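A.B. asks: I would like to see how this sequence folds:
(2 chains)
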Protein chains: 2
Amino acid sequence: MNEVIKTIQNHRSIRKFEDKLLSDEQIKTIVESAQAASTSSYVQAYSIIGVKDPDKKKKLAELAGGQDYVAENGHFFVFCADLYRHQLLSEKHEQDTSQVLESTEKFMVAVIDATLAAQNAVLAAESMGLGAVYIGGLRNNLDEVCKLLKTPPLVLPLFGVAVGYPAQMPDQKQRLPFQHIYHEDEYEQNKVNYMDQLEKYDEDISQYYEQRTNGKRKDTWTGQMAGLLARPSRMYMKEFVEGKGLNKR
Amino acid sequence: MNEVIKTIQNHRSIRKFEDKLLSDEQIKTIVESAQAASTSSYVQAYSIIGVKDPDKKKKLAELAGGQDYVAENGHFFVFCADLYRHQLLSEKHEQDTSQVLESTEKFMVAVIDATLAAQNAVLAAESMGLGAVYIGGLRNNLDEVCKLLKTPPLVLPLFGVAVGYPAQMPDQKQRLPFQHIYHEDEYEQNKVNYMDQLEKYDEDISQYYEQRTNGKRKDTWTGQMAGLLARPSRMYMKEFVEGKGLNKR
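C.D. replies: Residues are numbered from 1 along each chain as shown, chains lettered A, B, ... in the order given. So this is what the prediction gives:
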């Protein structure tokens, strides 16, 4: 196993960091690594906002639902889908691109571009001995996040990434079985097989929780997910995203 | 610069491969690397379809707009946003999750999950001496792609990734200036600065094209983008995605 695959497969989300900031050089290496990712038709439809201001970090931690590590880390990055520069360059070249920029297709392009960049950033950080965690909690209250970061139209913060010197080494969470995630030539057509794979996975996960908690926690992955997904969450998103001029048509 | 950052920053899209297939072991390492990526609240909302059947690969190459390298490569992966298993597990646990699964928020989660996994897959492949290219062209005709791969509801193919032994070493494409992608504490508020950065970038890109083509190609990034974005493309996407039960509310 080479160093890259080791780094990739050694990933765990780090939620406790030493009290030590990243240097500007480290930040630059991380951002340049993000930028090296593929981008759909060269559009580069994303931006990254690095948050240094401790007050802003505290505010973001609150907005994300009281996650301390959003404030207490080595650096906090916010990855945004961004078609704002494309609106400005359209004006500059007197091209009407408004319908295209408002399309679901271009929204997907921007989300995908931002996410490819983010995963490069996380791996670059991890390769430097740093730890990282994605913060989807920013989407709890995007209106406040946008105001705090003063984002223009056509810019949508997607998630944060807290990076820093790790002060914990949590267990890795076992993933869905290979056969369940990976299909060959067509999607699994046999529903019995498909559900059996989930059944087997539930047994493994349940055993893991029991062992880790001395039998106290009884839980399965499917049970956990069914509970999670039964609770409406961030149902304002469609309207909010459209309000930013994205995903409208 | 460590091996991981070297691999990340050495990325270029490879569109010509040797006539040599990946081994099942290589495919497994790539998929397991994909699975090691972070996933929002552990939902694992994606699937990967590996296409080996040469006829299917040919068909996909046509659907993607006649891109030969979709058929001629070491292996072809299709990354899908996938909330289908979550629908089945909700039925199993008798939970009504339909509104949540249909939300724009969960659509974003699934797109982000699939994309994080894909970037890990690409880097794992590159670290093994393989090359890769993302194929957004699959979105030209997703209805046909879905039929070919027999995907169920709540599954949306996002892009392909062609992987193989590289038979070319193209130049890297210069990215937007660091200062333009990376903002500190708030999004750039000075529109003049912002446009100046694009102006300077245009000069660099234009110089690059001129040098590479002995003065024949005169082009700027903003000009290229304005032209691209003025042409409506994949405007069927919103309706199609909603038809799959995603991004509806």
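
A.B. asks: any idea how chain A splits into domains?
C.D. replies: Following automatic domain parsing, one finds the domains of chain A at A:3-171+A:234-243, A:178-218.

A.B. asks: tell me the most buried of these?
C.D. replies: Neighbour counts (mean count of other Cβ atoms under 10 Å in any protein chain shown) averaged over each of the domains of chain A peak at domain A:3-171+A:234-243, with a mean of 21. C-beta here means a position set from N, CA and C on the backbone, and glycine is covered the same way.

A.B. asks: just want the angle from the longest helix seen in chain A to helix B:104-127.
C.D. replies: In terms of residue count, the longest helix belonging to chain A (DSSP state H) is helix A:104-127. Here the directions of helix A:104-127 and helix B:104-127 differ by 50 degrees (axes from the mean of the first three to the mean of the last three Cα atoms, to 10 degrees).

A.B. asks: helix A:104-127 vs chain B: in contact?
C.D. replies: Yes: in terms of Cβ under 8 Å from any Cβ of the partner chain, part of helix A:104-127 sits within range of chain B, namely A:104-106, A:108-109, A:111-112, A:115-116, A:118-120, A:122-124, A:126-127.

A.B. asks: where does the spatially closest residue to A:Lys150 that is not a sequence neighbour sit: helix, strand or coil?
C.D. replies: In space, A:Lys150 comes closest to B:Glu186 once its chain neighbours are excluded; the distance is 4.3 Å by Cβ to Cβ, 6 or more residues apart in numbering or on different chains. Using DSSP: H, G, I helix; E, B strand; the rest coil, the structure places B:Glu186 in coil.

A.B. asks: show me what contacts B:Glu186?
C.D. replies: Contact analysis of B:Glu186 by Cβ atoms under 8 Å, 6 or more residues apart in numbering or on different chains lists A:Ile49, A:Leu148, A:Leu149, A:Lys150.

A.B. asks: ok, it to B:Ile49 distance?
C.D. replies: Per Cβ to Cβ, to the nearest Å, B:Glu186 is found 41 Å from B:Ile49.

A.B. asks: do A:Ser206 as well
C.D. replies: Counting by Cβ to Cβ, the gap from A:Ser206 to B:Ile49 is 29 Å.

A.B. asks: same check on A:Glu144?
C.D. replies: Taking Cβ to Cβ as the measure, A:Glu144 falls 39 Å from B:Ile49.

A.B. asks: pLDDT averaged over the longest strand seen in chain A - what is it?
C.D. replies: In chain A, assigned by DSSP state E, the strand with the most residues is strand A:155-164. For strand A:155-164, mean pLDDT rounds to 98.

A.B. asks: for the following helix or strand past it, which outside residues touch it?
C.D. replies: Counting by DSSP states H and E, the next helix or strand C-terminal to strand A:155-164 is helix A:178-181. Helix A:178-181 has contacts (Cβ under 8 Å, 6+ apart) with A:175, A:188, A:194, A:197-198, A:201, B:28, B:31-32, B:34-35, B:44, B:46-48, B:85.

A.B. asks: got it, and stretch A:16-31?
C.D. replies: Counting by Cβ under 8 Å, 6+ apart, A:48, A:50, A:69, A:72-75, A:77, A:121, A:124-125, A:128, A:130-131, A:162-168, B:5, B:178, B:181-182 sit against stretch A:16-31.

A.B. asks: hmm, back to that, and the domains of chain A as CSV, adding distance to B:Ser23?
C.D. replies: Putting the domains of chain A into CSV (distance: least, Cβ to Cβ, whole Å) gives the following:
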stretch, distance to B:Ser23
domain A:3-171+A:234-243, 15
domain A:178-218, 14
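
A.B. asks: the ones you listed: which one's closest to B:Thr213?
C.D. replies: Nearest to B:Thr213 among the domains of chain A is domain A:3-171+A:234-243 (16.6 Å), distances taken as Cβ to Cβ.

A.B. asks: distance from that closest one to the middle of the chain?
C.D. replies: Put simply, domain A:3-171+A:234-243 sits 7 Å off its chain's centre (Cα atoms, centre = their mean, to the nearest Å).

A.B. asks: for that domain, measure first residue to last.
C.D. replies: In domain A:3-171+A:234-243, first residue to last residue: 44 Å (Cα to Cα, to the nearest Å).

A.B. asks: what ranges do the helices span in chain A?
C.D. replies: A:3-9, A:24-35, A:54-63, A:84-92, A:98-101, A:104-127, A:142-149, A:178-181, A:191-212, A:221-230, A:237-243.

A.B. asks: same for the fourth one, what does it pack against?
C.D. replies: If you count contacts as 3 or more Cβ pairs under 8 Å, 6 or more residues apart in numbering or on different chains; DSSP states H and E, helix A:84-92 packs onto helix A:98-101, helix B:191-212, helix B:221-230.

A.B. asks: and A:Leu154, which of these is closest to it?
C.D. replies: Closest approach to A:Leu154 among these (Cβ to Cβ): helix A:98-101, 6.4 Å.

A.B. asks: from chain B, how far off is the residue with the largest distance to the centre of chain A?
C.D. replies: Distance from the C-alpha centroid of chain A peaks at A:Glu94, with 34.7 Å (Cα atoms, centre = their mean). For A:Glu94, the distance to chain B equals 8 Å [Cβ to the nearest Cβ, to the nearest Å].

A.B. asks: ditto for A:Gln9
C.D. replies: Using Cβ to the nearest Cβ, A:Gln9 is found at 5 Å from chain B.

A.B. asks: not counting its neighbours along the chain, what's nearest that residue?
C.D. replies: Using Cβ to Cβ, 6+ apart, the closest residue to A:Gln9 is B:Ala36 (4.7 Å).

A.B. asks: surely the one you found touches A:Ile8?
C.D. replies: Yes: the pair B:Ala36 / A:Ile8 is scored as a contact, 5.3 Å apart, by Cβ atoms under 8 Å.

A.B. asks: what touches both of these two?
C.D. replies: Common neighbours of B:Ala36 and A:Ile8, counting by Cβ under 8 Å, 6+ apart, are B:Asn120.

A.B. asks: and the closest residue to A:Ala167 other than its chain neighbours, how far is that from A:Ala118?
C.D. replies: Distance criterion Cβ to Cβ, 6+ apart; nearest residue to A:Ala167, sequence neighbours excluded, is A:Lys16 at 4.5 Å. Separation of A:Lys16 from A:Ala118 (Cβ to Cβ) stands at 21 Å.

A.B. asks: before we move on, what about A:Phe76?
C.D. replies: 13 Å.

A.B. asks: overlap of the contact sets of those two?
C.D. replies: A:Val161.

A.B. asks: my guess is A:Ala36 contacts A:Asn120. True?
C.D. replies: Yes: the criterion here is Cβ under 8 Å, and A:Ala36 meets it with A:Asn120 at 6.2 Å.

A.B. asks: now for the two: what residues contact both?
C.D. replies: Both A:Ala36 and A:Asn120 are contacted by B:Ile8, under the criterion Cβ under 8 Å, 6+ apart.

A.B. asks: between the longest helix of chain A and helix A:24-35, how big is the angle?
C.D. replies: Orientation check (the same axes, to 10 degrees): helix A:104-127 against helix A:24-35 gives 140 degrees.

A.B. asks: how far off strand B:155-164 does helix A:104-127 point, in degrees?
C.D. replies: Using the same axes, to 10 degrees: helix A:104-127 against strand B:155-164 is 50 degrees.

A.B. asks: mean confidence score for stretch A:233-249?
C.D. replies: Mean pLDDT, computed over stretch A:233-249, is 98.

A.B. asks: contacts only, for A:Thr220.
C.D. replies: Neighbouring residues of A:Thr220 by Cβ under 8 Å, 6+ apart: A:Asp202, A:Glu203, A:Ile205, A:Ser206.

A.B. asks: can you name the two of those residues that are farthest apart?
C.D. replies: The largest separation in the contacts of A:Thr220, counting by Cβ to Cβ, is between A:Glu203 and A:Ile205 at 7.5 Å.
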